[in-house]
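Visitor: next come a sequence and a model predicted from it.
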Amino acid sequence: MANPKDPQQPRDESRRQFLKYSGTAIGGVVVGGVIGGLIGANAKSTKKEEAPAQPDTGKPAQSANRDYNQALMFFNQDQFLTAEAAAERIYPKDDSGPGAKELGVAFFIDHQMASAYGMNAREYMSPPFYKSETTQGYQLSFKRRELIALGLDAVNQYSTEKHQKAFPDLTPEEQDQVLGDFEKDVVQIKGVPASTFFSFFLNLTIEGVYADPLYGGNKNMDGWRMRNYPGNQMSYTDNIEKEDFVKMEPLSLSDHLEIG
């Protein structure tokens, strides 16, 4: 039987490897000798290594301030451009601040339609369907995303038939006239009143102006700034007893995520 204390006994290679790797795994708690030397050498060589140079692709570097939240999740390109133009007519840019386009409202609507809300995921959506009272809210068989897509396609089709141009290419006056026809049910949409689509789209536009930027609209919280709304503050204890109005820099939900 081999004596582990015998100095003449050959080293147990598997044991040596175990100690080597276990010492590295626990962050160098075992130091000195072979293990300490290996860990130290590896650490020094790592610090001296320089990051490899990035290849020159000829493309401009991506901006650090790029807003990755502004990406399409449901709309096709035509629907998005139509939604963007229509929202801008409902909430246009003026002297008081930016309009719906600059605030990213069309992205907000797109993201809502891609979510469980757009799918009516928490609502009973099976037949039979009956004509409802106005006080009963949304009672159609269409899911919200279907209603919005159908309506935007109809806006473009109606614009082309009436003005020989897609809705985004119309003058502001022509766009207002088209949207007015939808509001007054002048236009026929298959299976749904045009005014229902218009009312729903109008509400989504206002929501996109004032929703938390985390959801795609109200870019840079400028919608809140126009109203002097403080956004999602964690506390008002320093200001709640002050008699004068306190203007506060607004905070988004994402600001608290970064702080935390």
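Guide: Right, received. Where do you want to start?
Visitor: what backbone torsions are found at Trp74?
Guide: One correction, residue 74 is Phe, not Trp. phi -140, psi -50 (degrees, to the nearest 10).
Visitor: what does the pLDDT read for it?
Guide: On the pLDDT scale, Phe74 is placed at 97.
Visitor: Phe198 is in what secondary structure piece?
Guide: Following DSSP states H and E, one finds Phe198 within helix 194-210.
Visitor: what comes into contact with that helix?
Guide: The contact list for helix 194-210, computed with Cβ atoms under 8 Å, 6 or more residues apart in numbering, reads 83, 86-87, 90-91, 100, 103-109, 112, 138, 140, 144, 147-148, 150-151, 154, 179, 181-189, 216-218, 223-224, 227, 229. C-beta: built from backbone N, CA, C; applies to glycine.
Visitor: could you tell me which of those residues belong to helices?
Guide: Members of these lying in helices (criterion: DSSP state H): 83, 86-87, 90, 105-109, 112, 144, 147-148, 150-151, 154, 179, 181-183, 223-224.
Visitor: surely Leu152 meets Gln79?
Guide: Yes: contact criterion Cβ atoms under 8 Å: Leu152 and Gln79 qualify, at 4.6 Å.
Visitor: any low-confidence regions in the stretch 1-150 of the chain?
Guide: Counting by pLDDT under 70, the stretch 1-150 of the chain shows low-confidence ranges at 1-68, 134, 137-138.
Visitor: 50 instead?
Guide: 2-5, 7, 11, 15, 18-19, 21-49, 51 (pLDDT under 50).
Visitor: what segments of it are strands?
Guide: Assigned strands in the stretch 1-150 of the chain: none (criterion: DSSP state E, counting those that start in this stretch).
Visitor: now the helices for it?
Guide: 13-25, 33-48, 77-90, 105-114, 144-163 (DSSP state H, counting those that start in this stretch).
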